[in-house]
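Student: Compute the structure for the input listed below.
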Amino acid sequence: MIFDHGGRVVAVAQQEHQQIFPRAGWVEHDPLEIWRATREVTAKALAGKDLTRDDIVAVGITNQRETTVVWDRGTGKPVYNAIVWQDTRTDGLCTELGGDEGPDRYRETTGLPLSTYFSGPKVRWILDNVEGARARAENGELCFGTMDSWILWNLTGGPDSGLHVTDVTNASRTMLMDLRTLEWDEQICADMDIPMSVLPQIRSSSERYGQVRERGTLAGVPIAGILGDQQAATFGQACLSPGEAKNTYGTGNFLLLNTGTTPVHSRHGLLTTVCYRIGDAPVVYALEGSVAVTGSLVQWLRDNLGIISSAKEVELLAAAVPDNGGAYFVPAFSGLFAPRWRPDARGAIVGLTRFVNKGHLARAALEATAFQTREVIEAAAADSGVALTSLKVDGGMVLNQTLMQFQSDILDVPVIRPVVNETTALGAAYAAGLAVGFWSGEQDIRANWEVGQTWTPNMPAAERDRLFREWNKAVERTYDWVD
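Tutor: Reported below is the predicted structural model:
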């Protein structure tokens with residue numbers, strides 16, 4: 001995506017890449033396919049508006065955060081597919097690492113519970129299960145990175161002196177970084193048996209890292225911004241003061257609440273994470289509610305069940321019925337993330353009768369997204385002591401009018417979508433532009449933010465309470481499925 005100084009979209013190009021499911025609970029991506037796709041869409045975005053590299057002042061990178069890739073420094077070839085954040089293969093390893101202390105063993109240091117969600121256990125799995133990988137890692141031959149590191153390394157030369165760097169937001173999602181020192185924690189790395197030599201250098205979210213050396217459309221352009229996708233969306237939504245929050249509706253759902261320059265440890269199932277760091281300024285922290293399956297549930301209806309042929313059709317199907325017909329869809333495909341953290345849960349559709357049809361299932365799938373969002377918002381309010389008065393939203397699913405109206409109804413607050421919906425890409429652009437002086441400061445970001453659409457609640461309180469009560473009954477039916 002290419003943005004102008006007003007934060008408006010100049011050009012965009014996109015393409016899907018393959019989702020790989022080798023067995024139940026395993027989710028992988030091909031890093032080489034993603035690198036090829038990155039170059040292709042970059043060229044298409046420029047060509048679409050007859051732009052050249054001379055028109056681009058800086059490049060920012062944003063990425064799905066915990067997805068893990070390990071590659072060879074000398075050849076640039078991954079030793080294994082990227083293991084995606086939703087993958088659950090490390091469940092047993094996480095239990096083993098927790099030992100007598102359980103999932104909170106590293107929470108004080110990292111802000112995170114031991115979970116299959118995060119990168120550290122995924123690295124350990126690759127080193128333990130790919131033949132020769134551990135010996136090569138200990139010899140300094142391998143690099144680990146989240147996808148930002150992989151793309152940056154390739155953009156800056158790859159095997160020919162590519163930069164092995166990540167930013168504080170992505171590093172904070174590995175479960176290997178100390179939240180306060182912003183450095184890799186040697187003891188945790190030792191506990192997970194991960195050689196320090198494989199780790200990238202941790203830098204701020206907005207600074208000149210280097211320039212594009214890859215022969216192609218952006219050669220010579222500075223790379224100056226890196227933000228994990230949810231932090232990027234928070235930045236793009238101008239949630240720059242403590243107490244401001246946004247919710248992104250993508251593959252999963254992610255609520256981030258800016259808590260300022262002091263990390264706040266959650267008592268209600270949220271994550272403590274780095275929100276962003278601009279250059280040498282103090283780091284800003286956030287509380288996060290991470291929901292594993294929302295938009296990917298619509299993909300599942302399309303790809304696995306075939307009841308829709310495109311994601312857009314889900315709204316038409318859901319709008320064909322007035323309610324969910326008594327059906328509730330709990331998409332615990334990877335267990336339940338925030339605020340429940342139940343890796344033993346699995347997906348379920350409950351309340352089925354002969355009356356229920358595919359329209360009701362489509363509506364139940366959309367409603368699941370809104371119910372899960374209410375859960376994390378209630379947890380954030382309990383942790384912060386701040387009651388939500390409105391919700392800023394972004395991501396692909398916010399184009400769904402039925403979902404956004406139901407979200408407002410079930411929360412009983414207005415839901416606000418900005419003019420520029422793709423705030424994840426915009427946030428990465430802001431981080432890069434600030435580093436090179438294209439934008440002068442946070443006031444420019446605030447000035448660019450504009451309301452695009454607002455949904456207001458119109459559901460009776462008794463109906464709201466009934467629906468959420470029945471949703472909770474449905475969720476509890478999914479517990480203890482995996483022994």
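Student: Break this structure down into its domains, please.
Tutor: Each structural domain of the chain that the record assigns through the TED database is listed here as a residue range: 2-203, 238-482.
Student: Pipe those into TSV and attach mean neighbour count per row.
Tutor: C-betas here are computed from N, CA, C, even on glycine. Supplementary listing: the domains of the chain in TSV, determined by neighbours: other C-beta atoms under 10 Å:
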stretch	mean neighbour count
domain 2-203	19
domain 238-482	19
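Student: so which of those domains gets nearest residue 231?
Tutor: Checking those against residue 231 by C-beta to C-beta gives domain 2-203 as the closest, at 4.2 Å.
Student: Which pLDDT value goes with residue 433?
Tutor: Reading off the per-residue confidence, residue 433 sits at a pLDDT of 97.
Student: again with residue 96
Tutor: Residue-level pLDDT assigned to residue 96 equals 94.
Student: Tell me which residue lies farthest from the centre of the protein.
Tutor: Most distant from the centre of the chain: residue 354, at 37.4 Å, with distances by C-alpha atoms, centre = their mean.
Student: Dump the domains of the chain into JSON lines; add distance to residue 225 as well.
Tutor: As requested, the domains of the chain are arranged in JSON lines below (distance: least, C-beta to C-beta, whole Å):
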{"stretch": "domain 2-203", "distance to residue 225": "3"}
{"stretch": "domain 238-482", "distance to residue 225": "3"}
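Student: Out of the ones you listed, which is closest to residue 211?
Tutor: domain 2-203 (7.3 Å).
Student: End to end on that closest one, go ahead and measure it.
Tutor: Chord length of domain 2-203, first to last residue, is 24 Å (C-alpha to C-alpha, to the nearest Å).
Student: So residue 58 sits against residue 218, correct?
Tutor: No. No contact is recorded between residue 58 and residue 218 when judged using C-beta atoms under 8 Å, the distance being 10.1 Å.
Student: Now do the strands in the stretch 301-450 of the chain.
Tutor: Using DSSP state E, counting those that start in this stretch, the strands found in the stretch 301-450 of the chain span residues 328-330, 348-350, 391-394, 415-418.
Student: could those go into JSON lines alongside distance to residue 460?
Tutor: Formatted as JSON lines, the entries for those read as follows, by distance: least, C-beta to C-beta, whole Å:
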{"stretch": "strand 328-330", "distance to residue 460": "19"}
{"stretch": "strand 348-350", "distance to residue 460": "24"}
{"stretch": "strand 391-394", "distance to residue 460": "20"}
{"stretch": "strand 415-418", "distance to residue 460": "18"}
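Student: Residue 454 contacts residue 413, correct?
Tutor: No. With contacts counted by C-beta under 8 Å, residue 454 stays clear of residue 413, the gap being 10.7 Å.
Student: would residue 207 count as being in a strand?
Tutor: Yes. The secondary structure assignment for residue 207 places it in a strand, going by DSSP: H, G, I helix; E, B strand; the rest coil.
Student: Let me know the distance separating it from residue 483.
Tutor: The span separating residue 207 from residue 483 equals 48 Å under the rule C-beta to C-beta, to the nearest Å.
Student: okay, those two: which has more neighbours?
Tutor: When residue 207 is set against residue 483 and neighbours are counted by other C-beta atoms under 10 Å, the residue ahead is residue 207, at 22 against 4.
Student: Out of the domains of the chain, flag the one nearest residue 230.
Tutor: Nearest to residue 230, of all those, is domain 238-482, at 4.1 Å by C-beta to C-beta.
Student: which SS class is residue 285?
Tutor: Three-state assignment for residue 285 (three-state DSSP): strand.
Student: quick one: residue 388 and residue 414 touch, right?
Tutor: No. Residue 388 is not in contact with residue 414 according to C-beta under 8 Å; the separation is 10.0 Å.
Student: ok so, going back, return the backbone torsion pair for the residue farthest from the centre of the chain.
Tutor: Listed backbone geometry of residue 354 is phi -60, psi -20, with angles given as degrees, to the nearest 10.
Student: For residue 326, see how far away it is.
Tutor: Separation of residue 354 from residue 326 (C-beta to C-beta) stands at 11 Å.
Student: Let me have the strands of the stretch 301-450 of the chain in CSV, extended by distance to residue 276 and mean pLDDT.
Tutor: CSV is the format used below for the strands of the stretch 301-450 of the chain (distance: least, C-beta to C-beta, whole Å; pLDDT from 0 to 100):
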stretch, distance to residue 276, mean pLDDT
strand 328-330, 33, 97
strand 348-350, 37, 97
strand 391-394, 16, 91
strand 415-418, 18, 93
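Student: which stretch among the ones you listed comes nearest residue 264?
Tutor: The minimum distance between residue 264 and the strands of the stretch 301-450 of the chain falls on strand 391-394, with 19.5 Å, by C-beta to C-beta.
Student: What score does the closest residue to residue 309 other than its chain neighbours have for pLDDT?
Tutor: Closest residue to residue 309 apart from its sequence neighbours, by C-beta to C-beta, 6 or more residues apart in numbering: residue 302 at 6.8 Å. Residue 302 carries a pLDDT score of 95 in this model.
Student: pretty sure residue 302 contacts residue 312?
Tutor: No. Between residue 302 and residue 312 there is no contact under C-beta under 8 Å: 10.0 Å.
Student: what do those two both touch?
Tutor: Both residue 302 and residue 312 lack any common contact, where contact means C-beta atoms under 8 Å, 6 or more residues apart in numbering.
Student: all helices in the stretch 301-450 of the chain, in order from the N-terminus.
Tutor: Counting by DSSP state H, counting those that start in this stretch, the stretch 301-450 of the chain forms helices over residues 313-319, 358-384, 401-411, 423-435, 442-448, given from the N-terminal end onward.
Student: next one: the stretch 151-300 of the chain
Tutor: Taking DSSP H, counting those that start in this stretch to define them, one finds helices in the stretch 151-300 of the chain at 168-171, 186-191, 229-236, 295-300.
Student: Out of those, the one nearest residue 363 is which?
Tutor: Using C-beta to C-beta, those put helix 295-300 closest to residue 363, at 11.9 Å.
Student: which strands and helices sit next to that closest one?
Tutor: Based on contacts counted as 3 or more C-beta pairs under 8 Å, 6 or more residues apart in numbering; DSSP states H and E, the elements that helix 295-300 packs against are helix 358-384.
Student: For the helix it packs on, the averaged confidence score.
Tutor: Mean predicted lDDT for helix 358-384 stands at 94.
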